[in-house]
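Novice: Sequence plus predicted model, see below.
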Amino acid sequence: QGLNGSRAFVEDHPEIVKNIQAVFNQDNGTGRVVNISGNGFLHAYDYLGDWLAKVPDTVSQHIETIFPGSPGRGGSDYASFVAAGAPAFNLSSLNWAYWNYTWHTNRDTYDKIVFDDVRNNVILTAVL
């Protein structure tokens with residue numbers, strides 16, 4: 001079903017989308033976030049750089065940033081918001097060993113979760 005949900009939300013709620021300050025999308029399983037791109041937004045560094053400075057070093061030390069980056073081309077829900085002009089950013093994470101046999105299947109179970117990485121991502125997203 002891909003991006004049907006985010007596309008429908010953007011289309012059905014333009015009044016919400018026009019007031020969005022930032023969307024942070026993490027859709028790479030439970031891996032630690034290691035990359036944030038500015039998605040082509042020219043002034044993304046001014047904001048994301050300031051916000052990342054407030055993230056604890058133990059969380060941010062693994063994150064590489066690319067500014068302004070290239071506009072998101074799709075693949076995850078952030079793209080629907082970018083297409084509507086909302087500043088949306090994909091929080092890309094480490095690859096994990098199980099993705100090719102469980103991701104988006106009924107075998108994608110709790111025993112695959114790396115809780116330290118999930119904790120890291122929760123702290124990052126909350127501070128951003």
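Specialist: Yep, it's here. Numbering: from 1, shown residues only.
Novice: Please identify the buried residues of the longest helix anywhere in the chain?
Specialist: The longest helix of the chain (DSSP state H) is helix 115-127. Buried residues in helix 115-127, counted by 16 or more other CB atoms under 10 Å: 117, 120-121, 124. To be clear about C-beta, it is placed using only N, CA and C from the backbone, and glycine gets the same treatment.
Novice: what does stretch 45-58 give?
Specialist: So, applying 16+ other CB under 10 Å, buried residues of stretch 45-58: 45, 47-48, 51-52, 55.
Novice: and the longest helix of the chain, C-alpha only, in PDB?
Specialist: The C-alpha trace of helix 115-127 is given here as PDB (Å, rounded to 0.1, in the frame of the first residue of the first chain):
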ATOM      1  CA  PHE A 115      16.100  -1.600  22.500                       C
ATOM      2  CA  ASP A 116      19.200   0.600  22.900                       C
ATOM      3  CA  ASP A 117      18.800   1.900  19.400                       C
ATOM      4  CA  VAL A 118      15.100   2.500  19.900                       C
ATOM      5  CA  ARG A 119      15.800   4.400  23.100                       C
ATOM      6  CA  ASN A 120      18.400   6.500  21.200                       C
ATOM      7  CA  ASN A 121      15.800   7.300  18.500                       C
ATOM      8  CA  VAL A 122      13.100   8.200  21.000                       C
ATOM      9  CA  ILE A 123      15.500  10.700  22.700                       C
ATOM     10  CA  LEU A 124      16.500  12.100  19.300                       C
ATOM     11  CA  THR A 125      13.000  12.600  18.100                       C
ATOM     12  CA  ALA A 126      11.700  14.000  21.300                       C
ATOM     13  CA  VAL A 127      14.500  16.600  21.400                       C
END
